[in-house]
Structure formats: structure tokens, C-alpha cells
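Asks: Just to be clear, the model below is a prediction. Sequence and coordinates:
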Amino acid sequence: RVRKQPSTPTSSWSQKIILPTNLLVTQLRLLCPLLADVINQSLSSGSVPAHLKTAVIILLLKNPYLDPSNPSHYHLISNLPFLAKVLECIVVNQLYTHLFSHSLFETLQSGIRPAHSTETALVKVANNILSICDRGSLCLLVLLDLSSGFDTVDHAILLHHFSSVIHLSGTELAWFESYLTNRQQYICTNGFSSCSHQVTCKIPQGSILGPLLFLIYMLPLGDVIICRHGVHFHMYADDTQLYFFTSLCDPQYPDVLSACLSDLRSWMSVNFLQLNVDKTEAILFGSHQRLKSHGSHLLHLPNLPLKLSEPIRNLGVRFDPQLSFLPPHPVPHQHRFLPPPTHRPCLPIRHPRTETLVHAFVTSRLLSFKCPPRRSSLLYDS
């Protein structure tokens, strides 16, 4: 199993790698038994070696056009040793098997697992919104944004979720407690390194185990939304979207949304997560006539004035009020200085390429229907 894990480490895997990269790659077959002994000893004893819990923080600018002197414009990526990556790969496989076999995943949480990508999440949300609009109702979608969700995860709360939510105990729980405690990190940039500091919270971004740990940390959130308020929701990593249907004559939908958002903010505050109100967006879906009758572009909620935007970006896809997925209208001046289009003449297809196309579109079809191909006059003779 160790040999099946990523076996082509590069120098970027860790600035403090124990063995040279070329030695790991060329002598991996000989080193596999030694690596397996270290990993088995760690899993059986419920402890993680201290040198595998030291991360090098790499600063990555979020956008090349941002001001590099502003610290908030950087992503903080944790660079871990190669052996720590292999150990996390094996733990992720076993933890995923435990969550899947006991149906502990949140059904409306996408990411991490197969068949739960951004595409399936968007199809699910878009289909529900269209179904609501087809019934003649309006649908309100609210996109919640967390401020540095991975960096504010409390280790004590996460360990409590391991024991009470996914029911780990004994050596397994002790291993995760050892993994989270006494972690060290230091920043390395432009050839300079800072002093090491102990990490008291956060999940290391850039680790293999980190996204699955954050998913476990967010598991109780679904009960807060569904069981208390009956609002539809879908989550992808730290992106949470709420949507529910309403009618023009229903004055209670702002109260329902306000109560749901209030409970969400309370739950996030208890779990040391911060809702970024400035980046929280909302959009109202419906027909042209119903949206025109609605008129208001601002939801007056207590302590949270929510402005309706159109269009918005949901997991990278543009959502407009009619959910038409049409591209935005181009600005006229964008095409003013474009050169005229050039039309290239179509080159004739030569005989070998023609024969390849015939075999691809004719012979392959005959074989797919289990019919023996016959040499026909339609095929060119060489």
C-alpha cells in the first residue's frame, strides 16, 4: 500500500525533507519496507512523530495583480514532509472507508468523495431552483462566505466531533489527537525563514488530510439548517448555499431567513468560524413578471442587510435571475479595435487521413454492433 501512494516527490514537497528527493525516487523499492514500518508503528501506537508535524508555510499571492505588500492578499500553504504525505494518504483511505461504510457523510456535502464534484453540486442546486420556479414561486439563493475557515478550526472541537459524531475511540482517536497537538510551523520566503511557532488551531492547507478534517468539522451544520428551519442547502468545502421558495404574498420569508442566518452565525461563533458578511451574496430567481412585481433589491434583515445581486458566481458558474446560463452582453467598445476576421482556406484531406476517418466512423460502428466488417467498395483501395 505504501508503494501505491504518490511515489514521485519533488523538492517542493518540503523545504525540510529528511532524505534527498532523488534517493527517494530511485531507491523507493528498497525504502518501502522501512517506510511501512514507520507508518505501521505510528498507526498501531496512536502517535505521530514530531518531525512529521512541522510545516513550512509558503506564501502564494492570490492574484498577480494584487498588492504584494498586503498580507491579506496571500494564501498560506503548509508544505509537509514527504513521509507525512504518505502517512496522510493511508489515513485518508481508512477514514474515508469508515465514513462511507457507516453512512456518516452529509448527503448534501460535495467534495472529497467520488461523484460529488462541483458539477454535481451545481446540477443539484440548479435543478431544485428550476423546479421551484416552474411551480410559479420565487426562489432565493444565499451564498455564504467564510473568512479563512481552515485557519480557525479549533482542535478540541474537532476531536469532540471525532468521538461523538463519527464515533472514533481508542487508538484511532489517540492518533488524531497526536496529529493535531504540538504541531509546528515556520514561514519561508525569499530564502529567509522565521522561527518555529506552535500551532494551537487551524487545519494545514496543502495537506492531504486537511479537507476531510474540515468536512468532519462542518458535519453538525446540516442539522442546524434543516432540522430547525427547513431551508434547503448545499455545501462544497467551506462554501455554503441556502435556497428556499417564497411567494409575493408571503411576508414571513424574511423572518425565516433571518432566523436561519442568526442560528448559523451563532453556531459559527461557538465553533470559531466567522461569516464574511461583505462577501455574502443573494439572488432571487423567477420569471420576468414575478421579479418585476417583487421590485425590492434589498432584504431588510435584523443586523444583516442582504443586497440582491444579479448575476452572481456560484462555484465558478454564472447564475442569472432566469437561470438561462447565457453569457453576458458584450460591451460595444470591446469590439471596436478588433482586427477583421481572417478566413483560412480549407486544405484538402489526403488519402491516408480519409481512410482513417472511414475506419473510425464506419468500421468501428460495425465492430461495436458485433457485425463482422466486410471490405466494401466504399473503402478506398490503396
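Replies: Perfect, I can see it now.
Asks: C-alpha only now, for contacts and for neighbours.
Replies: OK.
Asks: residue boundaries of the helices in the stretch 151-300 of the chain?
Replies: Taking DSSP state H, counting those that start in this stretch as the criterion, the stretch 151-300 of the chain carries its helices at 155-164, 170-180, 210-217, 221-229, 253-270, 288-294.
Asks: Can you tell me how far residue 234 is from residue 120?
Replies: Taking Cα to Cα, to the nearest Å as the criterion, residue 234 is separated from residue 120 by 11 Å.
Asks: Three-state assignment for residue 123, please.
Replies: Classification of residue 123 using DSSP: H, G, I helix; E, B strand; the rest coil returns helix.
Asks: burial count for it?
Replies: Each residue near residue 123 was counted by other Cα atoms under 10 Å, and the total is 11.
Asks: Also residue 114?
Replies: By other Cα under 10 Å, neighbour count at residue 114 equals 7.
Asks: Model confidence score at it, please.
Replies: At residue 114 the predicted local distance difference test score is 83.
Asks: for residue 341, same thing?
Replies: At residue 341, pLDDT is 56.
Asks: after whichever strand or helix holds residue 132, next one along is what?
Replies: Assigned by DSSP states H and E, residue 132 belongs to helix 118-134. Tracing the chain past helix 118-134, the next element assigned as helix or strand by DSSP H and E is strand 138-144.
Asks: for that next one, what is the average pLDDT?
Replies: Here strand 138-144 scores 87 as its mean pLDDT.
Asks: Run the chain-centre distance for it.
Replies: Between the centre of strand 138-144 and the centre of its host chain there is 20 Å, according to Cα atoms, centre = their mean, to the nearest Å.
Asks: List the contacts of it.
Replies: The contact list for strand 138-144 (Cα atoms under 8 Å, 6 or more residues apart in numbering) reads 129, 132-133, 239-248, 275-277, 279-286, 290-291, 314.
Asks: in its sheet, what does it sit against?
Replies: strand 239-246 (antiparallel), strand 281-285 (antiparallel) (DSSP bridges).
Asks: Would you mind getting the angle between that strand and helix 118-134?
Replies: Strand 138-144 and helix 118-134 meet at an angle of 150 degrees, taking axes from the mean of the first three to the mean of the last three Cα atoms, to 10 degrees as the criterion.
Asks: now strand 138-144 and helix 253-270, what's the angle there?
Replies: Strand 138-144 and helix 253-270 are oriented at 20 degrees to each other (the same axes, to 10 degrees).
Asks: buried residues in the one helix or strand residue 60 maps to?
Replies: Secondary structure assigned from DSSP H and E places residue 60 in strand 54-61. For strand 54-61, burial by neighbour count (16 or more other Cα atoms under 10 Å) applies to 54, 55, 56, 57, 58, 59, 61.
Asks: Might you report the residue contacts of residue 67?
Replies: The neighbourhood of residue 67, defined by Cα under 8 Å, 6+ apart, consists of residue 73.
Asks: gap between it and residue 74?
Replies: Taking Cα to Cα as the measure, residue 67 and residue 74 are separated by 10 Å.
Asks: Stretch 227-246: how far from the chain's middle?
Replies: The chain centre lies 17 Å from the centre of stretch 227-246; the measure is Cα atoms, centre = their mean.
Asks: Next, the buried residues of that stretch.
Replies: By 16+ other Cα under 10 Å, the buried positions in stretch 227-246 come out as 231-246.
Asks: which of those residues sit farthest apart?
Replies: The most widely separated members of the buried residues of stretch 227-246, counting by Cα to Cα, are 237 and 246 (27.3 Å).
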